Structures are given as C-alpha cells and as structure tokens.
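Engineer: Return atomic coordinates for the entry below.
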Amino acid sequence: MMKRSKIKELLKSPPFGKEVLVKGWVRTKRGNRNIAFIALNDGSTINNIQIVVDTASFDDNLLKEISTGACIAVEGMLAESPGKGQNVEIQARKIEIYGKCDAETYPLQKKGHSMEFLREIAHLRFRTNTFGAVFRIRHAMAFAIHKYFNDRGFYYLHTPIITGSDCEGAGEMFHVTTLDLKNVPIDTDGEIDFSNDFFGKETNLTVSGQLEGELGALSLGEIYTFGPTFRAENSNTPRHLAEFWMIEPEMAFYDLNDNMDLAEDFLKYLIAYALENCTEDLQFLNDMIDRDLLGRLRFVLDNEFVRINYTEAVNILTTSGRKWEFPVGFGRDLQAEHERYLVETHFKRPVIITDYPKEIKAFYMKQNDDGRTVRAMDVLFPGIGEIIGGSQREEDYDKLKNRITELKLPEKDLWWYLDTRKFGTAPHSGFGLGFERMILFMTGMSNIRDVIPFPRTPKNAEF
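Structural biologist: Next comes the predicted model:
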C-alpha cells in the first residue's frame, strides 16, 4: 500500500519521476474532451497541486462525478509542470472518489463569498483559501505560545473553567447550574437556593484564569494559562466574543517593568515565528485581505515599544486638537480611537500605557504611593488598540482586603485568594493576551468572528 504524501511536502521538495499518492478536496476542474486538470488541496498548504488526467484512460462516469468539493485519492507520477502558475503536477494513473459533492447545492462555488455568508456556513468555510490560511496561522500561534513559555521555564497551569468567583468584578458571567429552570428553588429570603445545585453554590463560567494562576506562580515561580474564557457581555461588535481564548502568564518576583519586558518580548517572538513559519499564508492574506498586513507585522517587530503613563497619554490626547467621539479626561477609560491615535499618529510605534486611575481598574492591581493610580499596563498595537492588559498584583494583605471591601466584592468567595497574602506573600505580576485579538492582528482580518472556528456571540451558538 502506497503511503500518502501531503501536498505541502510534494511542493517543497518534489521527488520528480516517482509514483505518489495524494488525497484531498477538489477546488476546480477544467479541461476538454482529451484532458482534464484538477486542482487538489488537502489543507496542508494554501497551494493546490494540479492533477493532469488523460480522459481516455478513465471511465467517463467517474470523471463526471469529480466536481468542486468532491474528496478524491489520486495515484500518479510526479512531474515538472510545463504550464504557468505551478512547477509540479501529478499525471494521474488511478483515481478513487471518497465523497461526491452535489454541485447544485454545494455553497462554495468558484466565486467570491462575503464573510457574513461564510459565517452562516462555518462548518464549510475551512475549505476556502482565506479560512484555511487563518486557521493554519492560528495553530502556528498556539504552538509558538507553548514553545515560548516552555523554553523559558514557565509551567503550563490548567485553571478551572467553572468557578465560584468573578475575577473582573463586572458580573458579566454565564451561570452553570443543574437546577430545573422551570421550577427554581427559592430560599426564605426570596433568593435562589443553590444548596441542591450540583456544586451546592452559585457557579459560573470563568472570565479569566488569573486569580488561580497567581496561586500557581506563588509556588512554582512562573506559570501560564491558555484556555477558553467567557463573557456574558451583550456586545455585537467586530472585536467581541462571548467565548474566546486567553493566554495569562503570572510570575513571582516580577515588578511592572519586568512584566512590560516580558510582554514586549513575547509579542515580538510570536510575530517573528509567524513571519518565518507561515510565509505563504501571510502573503496570501496580505495580497487578498489587507495590503498593509506584512508591513504592520514588521513595524511592530522592528520598533521598541514606547512606555508612557496614563496621565501623559491623557495630556497628549487633550492637546492633540482632535475632536473625539468619546471624551478624554483623567479618570476616563481610553477608547480604541484614543489608543490608535497614540500608536498610529502620535508615536508611530506600539505603546505601553501604565499607572491608570484605580477607579477604572480591577481590585487586585498594586496601588501606587499616590493613592490615585495602580501599577497597571496596557499594550497598544496599530489597527487594533489594546492587545494586552496586565499589572503588578497587590501583594499587601491589608491593602487588598480594604480594596475588596471598598468595591463591595464578596470576601467569602475570595478567602483563598487573600490567604496567599497572609502566608508567604511576594511581589508578582502578570498579564492577559486575548488569543483572538492576536490572531486578528496577525491575519489582517477585520472581524474577530472570522479568527475563531465557531464564534459564540449574542443570539448565536450555531454548530
């Protein structure tokens, strides 16, 4: 039995004159009475391999059943191609059809399709050139993330998806319950009685693995999480998902400067990895989706990130002479228009903003001596705005406890988190990178729903 070859390998170093076996899906079929040309793709590369078929050597009925979308296996001799556009072709000797494709109802014909339409057929959109490229890059980035942290001595920590705490304190969480929703039990105070629920308490899908990640860092030294997170935020925008993946490193003995150094090095590593290992897919997306993609990736790689504090950023924005859709002022969160102005117009470099007002940041961030700001950091990229958010964490027990009380957070759900500040506390820091935001930047796609295989958004949980 001949071993199957991947098209990617045959195109890279073709063993001309040898018999090969390829399997894949038909992208196009053309030709005349004497000869047929089939473009075959197996998902291993953006490029197709051309199958040359001498029609006299094959049954007419077999050839009629080979249409766009059909899955076939082809045995034949690999030869140099005299035609334009490809160097390699397979001269078919044997063809087997694994799966026919109804040409009349197959939705992916040889024409342009809108991204909106392809979202409606997300179970088939992998077969397009665009989404093949996007999801190969997504894989490469996932691998590069694990490689980066592993090579630097970090430990991969699996934090829980079901949790009893709200890391961000925003309350936008999905409930997890086995209670009968048609007959929800109520206690004597008129509240939902969770005592007979599966976990015996109110639980939710996690918005972040950070708090649990800190527990690991305060023993193992340096850890990272990489898993799905959930936000029940009713945001129908090109930048929001209800289910997305997060990379969250946490490091003992890192201050804010160490944290910024790691974030910059990490992002540059991922971009360099993609440029080296995803060349053809990136070139395709640059040519077909975003002409500035490769230039923007190199721009980030070639420039040191500017580091300024929040107060300086606000001053730059208020004296810019620009009219903003969202007002700017101390104590207001920066919006995408402000972030992009700083990166793309003012500094013309990636920017890290630090020391935000404590009122607009989470309870766990280390408080500065001024009593007004915290040791937060946001990394801003061209075209996208914030791509990383992080901070030095508050290691002082009393300050952290007071902040929890100030914000009226439920201390009963955070007792274990406070314990780490009682028993051998240490300075530590961490950040979160939204994986889909990174893939959006890496691919030049304009909608975050197009960089995750099956997007989960308000009123949409198909497939």
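
Engineer: going forward, measure contacts and count neighbours with C-alpha atoms only.
Structural biologist: Fine.

Engineer: need the helices for this protein, in chain order.
Structural biologist: 7-12, 60-64, 115-120, 129-151, 210-220, 256-277, 279-288, 293-302, 310-318, 336-340, 397-406, 415-422, 435-443 (DSSP state H).

Engineer: What is the longest one packed up against?
Structural biologist: In this case it means helix 129-151. Secondary-structure packing of helix 129-151 (3 or more CA pairs under 8 Å, 6 or more residues apart in numbering; DSSP states H and E): helix 256-277, helix 279-288, helix 435-443.

Engineer: Recalculate using a threshold of 7 Å.
Structural biologist: For helix 129-151, the packing partners by 3 or more CA pairs under 7 Å, 6 or more residues apart in numbering; DSSP states H and E come out as helix 256-277.

Engineer: neighbouring contacts of the helix it packs on?
Structural biologist: Contacting residues not belonging to helix 256-277 are listed as 141, 144, 297, 301, 375, 391-392, 429-430 [CA atoms under 7 Å, 6 or more residues apart in numbering].

Engineer: hmm, try it at 8 Å
Structural biologist: Helix 256-277 is contacted by residues 137, 140-141, 144-145, 148, 282, 297, 300-301, 305, 352, 375-377, 388, 391-392, 429-431, 442 when judged by CA atoms under 8 Å, 6 or more residues apart in numbering.

Engineer: Please, a ChimeraX command that selects the buried ones among those residues?
Structural biologist: A single ChimeraX command is used to select the members of these judged buried by 16 or more other CA atoms under 10 Å:
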select :137,140,141,144,145,282,297,300,301,305,352,375,376,377,388,391,392,429,430,431,442
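
Engineer: follow-up on the earlier one: can you redo the helices of the chain as TSV with mean pLDDT?
Structural biologist: What follows is the helices of the chain, written out as TSV (pLDDT from 0 to 100):
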stretch	mean pLDDT
helix 7-12	95
helix 60-64	95
helix 115-120	94
helix 129-151	98
helix 210-220	97
helix 256-277	98
helix 279-288	97
helix 293-302	95
helix 310-318	97
helix 336-340	94
helix 397-406	95
helix 415-422	95
helix 435-443	97
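
Engineer: winner for burial among the ones you listed?
Structural biologist: Mean neighbour count (mean count of other CA atoms under 10 Å) peaks for helix 435-443 among the helices of the chain, with a mean of 23.

Engineer: now it: how far from the chain's centre is it?
Structural biologist: 5 Å (CA atoms, centre = their mean, to the nearest Å).

Engineer: Output that helix as PDB - backbone C-alpha positions only.
Structural biologist: What follows is helix 435-443, C-alpha atoms only, in PDB (Å, rounded to 0.1, in the frame of the first residue of the first chain):
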ATOM      1  CA  PHE A 435      -5.700  35.000  21.600                       C
ATOM      2  CA  GLU A 436      -8.400  36.100  19.000                       C
ATOM      3  CA  ARG A 437      -7.200  39.700  19.200                       C
ATOM      4  CA  MET A 438      -3.700  38.500  18.500                       C
ATOM      5  CA  ILE A 439      -4.900  36.400  15.500                       C
ATOM      6  CA  LEU A 440      -6.900  39.300  14.200                       C
ATOM      7  CA  PHE A 441      -3.700  41.400  14.200                       C
ATOM      8  CA  MET A 442      -1.700  38.500  12.700                       C
ATOM      9  CA  THR A 443      -4.100  37.800   9.800                       C
END
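
Engineer: Now do that helix: which elements does it pack against?
Structural biologist: helix 129-151, strand 243-252, helix 293-302.

Engineer: wait, which of those is closest to Ala103?
Structural biologist: helix 129-151 (18.9 Å; CA to CA).

Engineer: could I get that closest one in CSV with only the CA atoms?
Structural biologist: Extracted C-alpha coordinates of helix 129-151, given in CSV (Å, rounded to 0.1, in the frame of the first residue of the first chain):
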residue,chain,number,x,y,z
ASN,A,129,-8.3,29.7,0.9
THR,A,130,-8.9,32.6,3.4
PHE,A,131,-10.0,30.5,6.3
GLY,A,132,-7.5,27.7,5.6
ALA,A,133,-4.8,30.4,5.9
VAL,A,134,-6.3,31.9,9.1
PHE,A,135,-6.7,28.6,10.9
ARG,A,136,-3.2,27.4,10.0
ILE,A,137,-1.8,30.6,11.4
ARG,A,138,-4.0,30.2,14.5
HIS,A,139,-2.5,26.7,15.0
ALA,A,140,1.1,28.0,14.5
MET,A,141,0.5,30.8,17.1
ALA,A,142,-0.9,28.3,19.6
PHE,A,143,2.2,26.1,19.2
ALA,A,144,4.5,29.2,19.4
ILE,A,145,2.9,30.3,22.6
HIS,A,146,3.6,27.0,24.3
LYS,A,147,7.1,26.9,22.9
TYR,A,148,7.9,30.4,24.1
PHE,A,149,6.9,29.7,27.7
ASN,A,150,8.3,26.2,27.8
ASP,A,151,11.7,27.3,26.6
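
Engineer: Now tabulate the helices and strands packed on helix 435-443 in a markdown table and tack on distance to Asp287.
Structural biologist: Listed next are these as a markdown table, based on distance: least, CA to CA, whole Å:
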| stretch | distance to Asp287 |
| --- | --- |
| helix 129-151 | 11 |
| strand 243-252 | 28 |
| helix 293-302 | 9 |
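
Engineer: Quick one, which of the helices of the chain gets closest to Lys18.
Structural biologist: That would be helix 7-12 among these, by CA to CA, at 10.8 Å.

Engineer: residue contacts, Gly43?
Structural biologist: Contacts of Gly43 (CA under 8 Å, 6+ apart): 24, 127, 132.

Engineer: Was I right to think Pro455 contacts Glu243?
Structural biologist: Yes. Assessed by CA atoms under 8 Å, Pro455 is found in contact with Glu243 at 7.4 Å.

Engineer: How many residues are close by the closest residue to Gly331 other than its chain neighbours?
Structural biologist: Closest residue to Gly331 apart from its sequence neighbours, by CA to CA, 6 or more residues apart in numbering: Pro357 at 5.8 Å. Neighbour count for Pro357, taken as other CA atoms under 10 Å: 21.
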